[in-house]
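Peer 1: Curious how this folds, go ahead:
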Amino acid sequence: MGLYLKNILGYQADTASQLLQVWKATVYLTPLIGAYLADAVMGRFWVILVFSIVYMLGMLGITLVNLIPALKPLAGITPPVGMSATRDIFWAFMYLTALGSGGIKPCVSSFGGDQFKEDSPRERKWRSRFFNFFYAVINIGSLVATTVVVGVQESKGYGIGFGIPTIFFGVAIAAFIFGYKLYVRLPVEGSPFTRIWRVCAGAVAKRKMAAPASPTDLYEPPPDAKKNVQFKMPHTHHMQCLDKAAINTGDIYQVSLTEVEETKAFLGIVPLFMCICIYQMAYDPIFTLLPYPGNVMDRRMGSTEIPASSISFANTFGVLFTVAIYDFIVVPITQKMNRPISMTLRIGLGFVIQIMALVSAALIEMARYKLVQSKGLVAKFNAGGATADAMNPAYTEPMSIWWQFIPYFLTGMSEVFTNIGTMELFYTQVSPGMRSLGTSVYLLTVAVGTYMASALNMLVTVASPNDLWVANNPLFGHYDWYFWLNAAILTAGLGAYVTIARGYKEKPVTGAEQVCSVSGSD
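Peer 2: Residues are numbered from 1 along each chain as shown. Here you go, the predicted structure:
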């Protein structure tokens, strides 16, 4: 998409990168809306369906922008309605897809997790495997997009290229509706934000009251009692200041012990959330920046030339390879040793691998710049005058784009550890009534991290106006410095994460949390 913005819609490289980062951040911010509606109002099935239709309308609009002659942008050619109008309409539909994502992203994985019984050890293991393969299937779709769809876009045009996924998404919606009667659908539990607020307010209001001698004396009505959540959570001994909210005073704002524990579980993941945002910030440059230098590298594969964006298929290979190794080799071995990998350790390993990805990208860029200088490409380009085009084969850098396979592959490996680990942790460590919210908080790390990446990009641009790090012409600039900077920031983030993770105690995933499920009705 970055190359589409730069080459077709005519944005400068740094502007295209920033616009894409802001849109991506919005994609991962809107899930808060979908999570609220799923947990409190509509249920996950209906939120997925309604927002999928919204998403498809956005995809259809983007396709039409690239098919209707009056709107259709072409490289170096202004469409009849003007480039500004085409850009505005394009972004309107792009943000419509961002809104649609808000209902899909927080609910699909959690809806899948709902299909497994909480009180069955065997199904809990299946659920953990489900998260691994759910993420793998997403990346298979990404692989098809970066190899097949991108190739169609470059050879047949972006209208057809965008139209293909639009059609397949419509088929996916139909298949989802077809399975309606087969799904387990949990009942909505009301607003989780309201419950968190009531617990915090109750704890403050009752702060001077004496806590009961035993947690069993705290208020806990039967699960089927009126106005109570339909699940139970066992008492824990951290954040005991919140326990006072469940002291039985008989007032209309009385909260239960389960609601207190639910709030504890959610607040417990907040410090981890802040650290994972740093990971997401440092994850972003691999995808938003590498295509720009890749576009002027040697892109030959035999007798054909591959699109620069297609090399990102290595990321998918990294994900699929690591999922297979982790699920079929690492997990069985560690379980036999009775030393299973905790979710917090898994997340931390992803930090380490992503630092390696950024370092490899920086080293590749350093080598590329050395080749540019040794071959005299800068002088040759400057001699071409104002009409010189960096995309001209005469300025192609004699360094294979296949070197970029390394950072993309390592980033895919890091995702399996950090992203899937975070997805599972934020699903299992919150209550059954907050699972869409928990998933949306995981997605929020991507939004916040991407906003941070965009802010860093703008700060670097402002700090070096006469010697841009992210130059529009990759023959110039300091892309290597930018990757080194992100590696340094992520290293500091890893230190903070290790400190916080050491003090975090994972909630045991057992059958203690009983929840009523429904099938066939919401």
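
Peer 1: biggest strand in this protein, by residue count?
Peer 2: If you go by DSSP state E, the chain has its longest strand at strand 397-400.

Peer 1: What is that one packed up against?
Peer 2: Packing partners of strand 397-400 (3 or more Cβ pairs under 8 Å, 6 or more residues apart in numbering; DSSP states H and E): strand 297-298, helix 343-374. To be clear about C-beta, it is placed using only N, CA and C from the backbone, and glycine gets the same treatment.

Peer 1: between the ones you listed, which gets nearest to residue 127?
Peer 2: Residue 127 lies closest to helix 343-374 among the helices and strands packed on strand 397-400, at 12.8 Å (Cβ to Cβ).

Peer 1: Backbone dihedrals for residue 41, please?
Peer 2: phi -130, psi -60 (degrees, to the nearest 10).

Peer 1: Count the residues that sit near the nearest residue to it once chain neighbours are set aside.
Peer 2: Leaving aside its sequence neighbours, residue 41 sits nearest to residue 188 (Cβ to Cβ, 6 or more residues apart in numbering; 6.3 Å). Neighbour count of residue 188, defined by other Cβ atoms under 10 Å: 19.

Peer 1: which residues of this protein fall in strands?
Peer 2: Using DSSP E, strands in the chain cover 184-185, 297-298, 300-301, 304-305, 397-400, 518-519.

Peer 1: Those strands: lowest mean pLDDT?
Peer 2: Across the strands of the chain, strand 518-519 has the smallest mean pLDDT, namely a mean of 44.

Peer 1: quick one: the helices in the stretch 101-250 of the chain?
Peer 2: In the stretch 101-250 of the chain, the helices defined using DSSP state H, counting those that start in this stretch lie at 121-144, 150-156, 158-178, 192-205.

Peer 1: and the third one, what other elements does it pack with?
Peer 2: Here helix 158-178 touches helix 44-65, helix 150-156, going by 3+ Cβ pairs under 8 Å, 6+ apart.

Peer 1: per-residue confidence averaged over it?
Peer 2: 90.

Peer 1: Can I get that helix as PDB, trimmed to CA atoms?
Peer 2: Output in PDB follows, covering the C-alpha atoms of helix 158-178 (Å, rounded to 0.1, in the frame of the first residue of the first chain):
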ATOM      1  CA  TYR A 158      -5.300  -1.800  -9.100                       C
ATOM      2  CA  GLY A 159      -9.000  -1.900  -9.900                       C
ATOM      3  CA  ILE A 160      -8.800  -5.700 -10.500                       C
ATOM      4  CA  GLY A 161      -6.200  -6.100  -7.800                       C
ATOM      5  CA  PHE A 162      -8.500  -4.600  -5.200                       C
ATOM      6  CA  GLY A 163     -11.500  -6.300  -6.600                       C
ATOM      7  CA  ILE A 164     -10.200  -9.800  -6.100                       C
ATOM      8  CA  PRO A 165     -10.100  -9.600  -2.200                       C
ATOM      9  CA  THR A 166     -13.500  -7.800  -2.200                       C
ATOM     10  CA  ILE A 167     -15.100 -10.700  -4.000                       C
ATOM     11  CA  PHE A 168     -13.500 -13.300  -1.700                       C
ATOM     12  CA  PHE A 169     -14.500 -11.300   1.400                       C
ATOM     13  CA  GLY A 170     -18.100 -11.500   0.200                       C
ATOM     14  CA  VAL A 171     -17.800 -15.200   0.000                       C
ATOM     15  CA  ALA A 172     -16.300 -15.300   3.500                       C
ATOM     16  CA  ILE A 173     -19.300 -13.400   4.900                       C
ATOM     17  CA  ALA A 174     -21.700 -15.900   3.300                       C
ATOM     18  CA  ALA A 175     -19.800 -18.800   4.800                       C
ATOM     19  CA  PHE A 176     -19.900 -17.200   8.200                       C
ATOM     20  CA  ILE A 177     -23.600 -16.800   8.000                       C
ATOM     21  CA  PHE A 178     -24.000 -20.400   6.900                       C
END
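
Peer 1: returning to what we had before: identify whichever of the strands of the chain lies nearest to residue 448.
Peer 2: Of all the strands of the chain, strand 184-185 comes closest under Cβ to Cβ, at 30.3 Å.

Peer 1: What is the least confident helix or strand in this structure?
Peer 2: strand 518-519 (a mean of 44; mean pLDDT, DSSP states H and E).

Peer 1: thought residue 244 was touching residue 211?
Peer 2: Yes - the criterion here is Cβ atoms under 8 Å, and residue 244 meets it with residue 211 at 5.9 Å.

Peer 1: Mind checking which of those two has more residues around it?
Peer 2: Neighbour totals were compared for residue 244 and residue 211, and residue 244 leads with 21 against 15 (other Cβ under 10 Å).

Peer 1: Contacts only, for the nearest residue to residue 451 once chain neighbours are set aside.
Peer 2: Spatially, and ignoring its direct neighbours in sequence, residue 451 is nearest to residue 25 (4.5 Å; Cβ to Cβ, 6+ apart). Neighbour list for residue 25: 446-448, 450-451, 454 [criterion: Cβ atoms under 8 Å, 6 or more residues apart in numbering].

Peer 1: Reformat those as CSV; add neighbour count and pLDDT.
Peer 2: Formatted as CSV, these follow (neighbours: other Cβ atoms under 10 Å; pLDDT from 0 to 100):
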residue, neighbour count, pLDDT
446, 25, 85
447, 21, 83
448, 20, 89
450, 26, 83
451, 21, 84
454, 22, 83
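
Peer 1: Quick one: residues contacting residue 318.
Peer 2: Going by Cβ under 8 Å, 6+ apart, the list of residues near residue 318 reads 408-413, 415-416.

Peer 1: If we ignore the residues flanking it in sequence, what's nearest it?
Peer 2: Once flanking residues are discounted, residue 318 sits nearest to residue 412: 2.2 Å by Cβ to Cβ, 6+ apart.

Peer 1: tally of neighbours for the one you found?
Peer 2: By other Cβ under 10 Å, 26 other residues sit near residue 412.

Peer 1: Might one say that it is in contact with residue 139?
Peer 2: Yes - between residue 412 and residue 139 there is a contact under Cβ under 8 Å: 7.2 Å.

Peer 1: anything in contact with each of these two?
Peer 2: Listed contacts common to residue 412 and residue 139 are 315-316, 319-320; contacts here mean Cβ under 8 Å, 6+ apart.

Peer 1: Give me the below-cutoff pLDDT ranges for the stretch 351-500 of the chain.
Peer 2: Applying pLDDT under 70 to the stretch 351-500 of the chain flags residues 384-397.

Peer 1: those helices in it, which residues are they?
Peer 2: 377-383, 405-428, 435-463, 479-502.

Peer 1: looking at those helices, which is buried most?
Peer 2: helix 405-428 (a mean of 24; mean count of other Cβ atoms under 10 Å).
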